[in-house]
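Student: Compute the structure for the input listed below.
(2 chains)
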Amino acid sequence: MIEIKNISKSYIKGAKIIDNLNLEIQDGEILGFLGPNGAGKTTVIKMMTGILEIDEGDILIDGKSIKNEPYEAKKNIGLIPDSPDMFLNLKGIEYLNFMADIYKVGKEERIKAISELSKKFDMEDALNEKIESYSHGMRQKIIIIGVLLHKPKNWILDEPITGLDPKAIYDLKTMMKEYAKDGNVVFFSTHILEVAENLCDRVAIINKGKILFVGKIDELREKMKENNSLEELFMEIISDD
Amino acid sequence: MIKNIILLTKISTRNFLQNLNLLDRKTKRINKKSMYVWLLIVVILAITFVSNEILNMLEDYGQMSIFLNILFTIAIIIMFMQTIIASMNILYFSKDLEYFLPMPIKAEELLLSKVNTIINILYGTELLFMLIPLLLYGISTTASLSYYIYVLLALILLPIFPVLLITIITFLIMKFIKKIKNKNKFQIIITIFFIFLIAFAEVLFIKTIISSQFDYDQIGVNANKIAETINHSMIVVNPLISILNKNQVFINLAKVIVIYAIMYVILIGIGKRTYIKNIFKATEYNKSKHKKKVNFESQCKIQKPLTSYAKNEFKNLIKNAIFFMQTIYPICLIMITFVFLTIYFKVGIIAKNEELSGLLGEMNLTIEGVCIILGIIQVLCSLINISITAISRQGSNAIFMKYIPISLYKQFLLKNVPQIIISMIISIIILILCKILFPIISIMNLVLVFIISIVLSMINSFLMLIVDIKRPKLNWKAEMDIFRQNENKIFQYVWTITVVVILMYIKRLFENINLYIAILATFIIFTVIFIIINMYVKKQINKNKLFKKVI
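Tutor: I've put the predicted structure just below:
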């Protein structure tokens, strides 16, 4: 479970880019985090994962404060960053092993997870190649596999769909659903509203550092008193702001 | 064709040098805010001072003519090292090749523009290291105007030789290589090949010197003879020196031009047919046809998180050719030269000169000696760019440090490991060389110096890592940008000067006390400095301040 409590952030004094934001994501839930460019999505994700300092408020990851108990909180997080260009000089298998070491995954467990996940993402043959030689989509896949090795209770994905081929998108969506079904949190930011519409239990729409809406898409339709697509509702709510 | 070459040269040179910000863009005046300007001033002042001292000394001994020989020898060695480091990258692996290849550019145009780019880089080195000494020499010898014209001519012609030679060698290597399976491995192997080539040249050179009939009682004259021998093997250097000495100017100039003409013909001859093909070899990533299946049992070994993290730091350095060449390679070259020079002095000079042999044999360790050894180690360690780029090298990956469940302090310590280990190896080599030159120094004393050098290395590494964390360069497109656009290097030089000043002060302070007490006091001084730095790191991490720029 992730609890975001009254968080604020400003890079320049007086100009808050995240303003008193509250959000709660329950176990077993998929929450889509939507917003235009520069709305503050990545800033929130960076605060959730300990990359950015929180000016005001706090974020609890399974009850552990990312501010005060970062080590314990981070153990329960799996982050897919927006750029998949990581550890390009390592072979895929070296990277996965490194991630398993960092998150203290046992030998049997890691072998099982690597072989299962690499099969699922068609990456078996690429594991002995350097990540540098991978396409954008393959890099994204290897990062996803690396993150899932330690089975984090809270899976946070920043723009995960970008660069993936249709099959990989389908596999990832299926995996996100299964992951949530097992009682874990799946929190992801996206620009692709179709994905959010099909996948999410709830969506949170953010603009200019403030949450404009949190709830189910049907609730959004009800609120806007229109039976439009999410895309149209999104445009409307953003322009109203 | 010439127009295209000039245009491409301009773009490639600018791309390589990037913005040093020496001039203010708006006012076109010297940019006082640029660190490079200050670095340039410090280096120019230092070179002026050293050149002046050497010239005065040589004047006293009436051996002014030695100056040009020694200066040209040092310059040509520096230029060779610089060309080896830059050539592979500029010729085959620079980012701009991807943009040039789709353009209607002839192979020879591209090739000559790339060669010109390397020559331009060497002109920069020349301006920095040779111009002032040559001007001072002219003033000291009250040379006429023609000398200064010849200086200009020599400066224009000198860098062409190492660039053409190294380029031809790399062309030949590339010609005989069918495919580059792993470009990083390939670049590292090539640079190691050049290390061996230089080592081999040094062995041959030492053999020649040892077998020569030198007068071993005259070190100054010997230095000149050594320089002459090196310059002789560099075919164009002696003719250029002769031009400066106004000795058969036109004949020597003709010699140089003929040599260059032949080299250019060879270069274009090979390059015209093969250069573009070779670029393809370098830019294509050849995946192996036979997919190697993962052997989970052997490839999935469990390691402790901290061990795995530290090993990953080393892998990051060794598996990337640019990182390897910019961090470890230069110091390898220098250390090899150091080792060979020591062997040469031991076998070639000391062994044949009883007086000198007796003198060095009696020299025991003093606090002055300790400070000199530590000073040499510090200067050498300032050439290792590992900690000063530890965060920048990770680029956008650097945020990884912040979301994994390993404390930032532990990660800070682990990031220092590679630089400290390399520094320790350098210290050990230097101390072994000391033992070879001064056999009376006890191993116990050398061990004590080694302990202080470890503390010094740790301070050095910690400080440089702090600088990189506070001022990281995370947004780079090509790996070379981290090193080319790294203004942080100046902190390394400033710290080295500070250490040298501290050591000079220590020498003066403890000159007249017992050696062991002096060593202990030196150890305590550096340990206290280290503890203060470590406390600062802990405090900054606790306050979430140290890694603020890593986002």
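Student: Give the helix, strand or coil label for residue A:78.
Tutor: strand (DSSP: H, G, I helix; E, B strand; the rest coil).
Student: Let me see the contact set for it.
Tutor: A:147, A:148, A:150, A:152, A:154, A:155, A:156 (CB atoms under 8 Å, 6 or more residues apart in numbering or on different chains). Glycine gets a C-beta too; all of them are placed from N, C-alpha and C.
Student: where exactly do the strands run in chain A?
Tutor: Ranges of strands in chain A, per DSSP state E, are A:2-12, A:15-25, A:30-34, A:56-61, A:64-65, A:77-80, A:154-158, A:185-190, A:202-207, A:210-215.
Student: do you know which of the ones you listed lies nearest residue A:140?
Tutor: With CB to CB, the closest approach to residue A:140 among those belongs to strand A:77-80: 7.7 Å.
Student: Leaving aside the residues adjacent along the chain, what's closest to residue 65?
Tutor: With no chain named, the answer covers chain A. Once flanking residues are discounted, residue A:65 sits nearest to residue A:58: 5.3 Å by CB to CB, 6 or more residues apart in numbering or on different chains.
Student: actually it's chain B I care about, not the one you picked
Tutor: residue B:245 (7.4 Å).
Student: my read: the one you found touches residue B:69, true?
Tutor: No. Using CB atoms under 8 Å, residue B:245 is not in contact with residue B:69; the gap is 10.1 Å.
Student: in chain B, what residue is nearest chain A?
Tutor: Here the residue of chain B nearest chain A is residue B:308; by CB to the nearest CB that distance is 3.5 Å.
Student: Let me know how buried that residue is, in neighbour terms.
Tutor: Neighbours of residue B:308 under the rule other CB atoms under 10 Å in any protein chain shown: 19.
Student: With the one 10 residues further on instead?
Tutor: Neighbour count for residue B:318, taken as other CB under 10 Å: 16.
Student: Give the full set of residues in contact with it.
Tutor: Contacts for residue B:318 (CB under 8 Å, 6+ apart) come out as B:188, B:324, B:328.
Student: Report the central residue of chain A.
Tutor: residue A:157 (1.8 Å; CA atoms, centre = their mean).
Student: ok, it to residue A:39 distance?
Tutor: Going from residue A:157 to residue A:39 by CB to CB, to the nearest Å gives 17 Å.
Student: isn't residue B:323 right next to residue B:394, touching?
Tutor: No. Residue B:323 is not in contact with residue B:394 according to CB under 8 Å; the separation is 10.6 Å.
Student: for chain A, which helix is longest?
Tutor: helix A:166-181 (DSSP state H).
Student: Let's test this: mean pLDDT of it, rounded?
Tutor: Across helix A:166-181, the average pLDDT comes to 89.
Student: So which elements touch that helix?
Tutor: The contact analysis (3 or more CB pairs under 8 Å, 6 or more residues apart in numbering or on different chains; DSSP states H and E) places helix A:166-181 against strand A:30-34, helix A:136-148, strand A:154-158, strand A:185-190, helix A:193-199.
Student: What are the contacting residues of it?
Tutor: Here helix A:166-181 makes contact (CB under 8 Å, 6+ apart) with A:28-30, A:120-122, A:137, A:140-141, A:144, A:148, A:155, A:157, A:160-161, A:164, A:186, A:188, A:195, A:198-199, A:201.
Student: Give the burial count for residue 237, as a bare number.
Tutor: As the question left the chain open, I've gone with chain A. Other residues lying near residue A:237 total 17 when counted by other CB under 10 Å.
Student: Not quite, go with chain B.
Tutor: So residue B:237, with other CB under 10 Å, has 24 neighbours.
Student: pLDDT value on it, please?
Tutor: Residue B:237 is given a pLDDT of 86.
Student: these two touch, right, it and residue B:159?
Tutor: No. Residue B:237 is beyond contact range of residue B:159, at 11.5 Å (criterion: CB under 8 Å).
Student: helices or strands up against the longest helix along chain B?
Tutor: For chain B, the longest helix by residue count, based on DSSP H, is helix B:249-283. Applying 3+ CB pairs under 8 Å, 6+ apart, one finds that helix B:249-283 makes contact with helix B:96-100, helix B:107-129, helix B:145-157, helix B:160-175, helix B:237-244.
Student: so which of those is the most packed in?
Tutor: helix B:237-244 (a mean of 22; mean count of other CB atoms under 10 Å in any protein chain shown).
Student: quick revisit: export the helices and strands packed on helix B:249-283 to JSON lines and tack on distance to chain A?
Tutor: Formatted as JSON lines, these follow (distance: least, CB to the nearest CB, whole Å):
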{"stretch": "helix B:96-100", "distance to chain A": "15"}
{"stretch": "helix B:107-129", "distance to chain A": "24"}
{"stretch": "helix B:145-157", "distance to chain A": "40"}
{"stretch": "helix B:160-175", "distance to chain A": "21"}
{"stretch": "helix B:237-244", "distance to chain A": "39"}
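Student: how about those in JSON lines, adding distance to residue B:477?
Tutor: Formatted as JSON lines, the helices and strands packed on helix B:249-283 follow (distance: least, CB to CB, whole Å):
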{"stretch": "helix B:96-100", "distance to residue B:477": "11"}
{"stretch": "helix B:107-129", "distance to residue B:477": "18"}
{"stretch": "helix B:145-157", "distance to residue B:477": "33"}
{"stretch": "helix B:160-175", "distance to residue B:477": "24"}
{"stretch": "helix B:237-244", "distance to residue B:477": "38"}
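Student: least reliable of the ones you listed going by mean pLDDT?
Tutor: helix B:96-100 has the lowest average pLDDT among the helices and strands packed on helix B:249-283, namely a mean of 79.
Student: Show the contacting residues for the residue nearest to residue A:65.
Tutor: Residue A:58 neighbours (CB under 8 Å, 6+ apart): A:5, A:6, A:7, A:65, A:66, A:67, A:68.
Student: is it in a bridge, and if so with what?
Tutor: Note on residue A:58: beta-bridge partners by DSSP bridges are residue A:5.
Student: Roughly how far does it sit from chain B?
Tutor: Distance of residue A:58 to chain B, computed by CB to the nearest CB, to the nearest Å: 14 Å.
Student: how distant is stretch B:97-108 from the center of its chain?
Tutor: 31 Å (CA atoms, centre = their mean, to the nearest Å).
Student: Next: stretch A:138-148.
Tutor: The answer for stretch A:138-148 is 13 Å, by CA atoms, centre = their mean.
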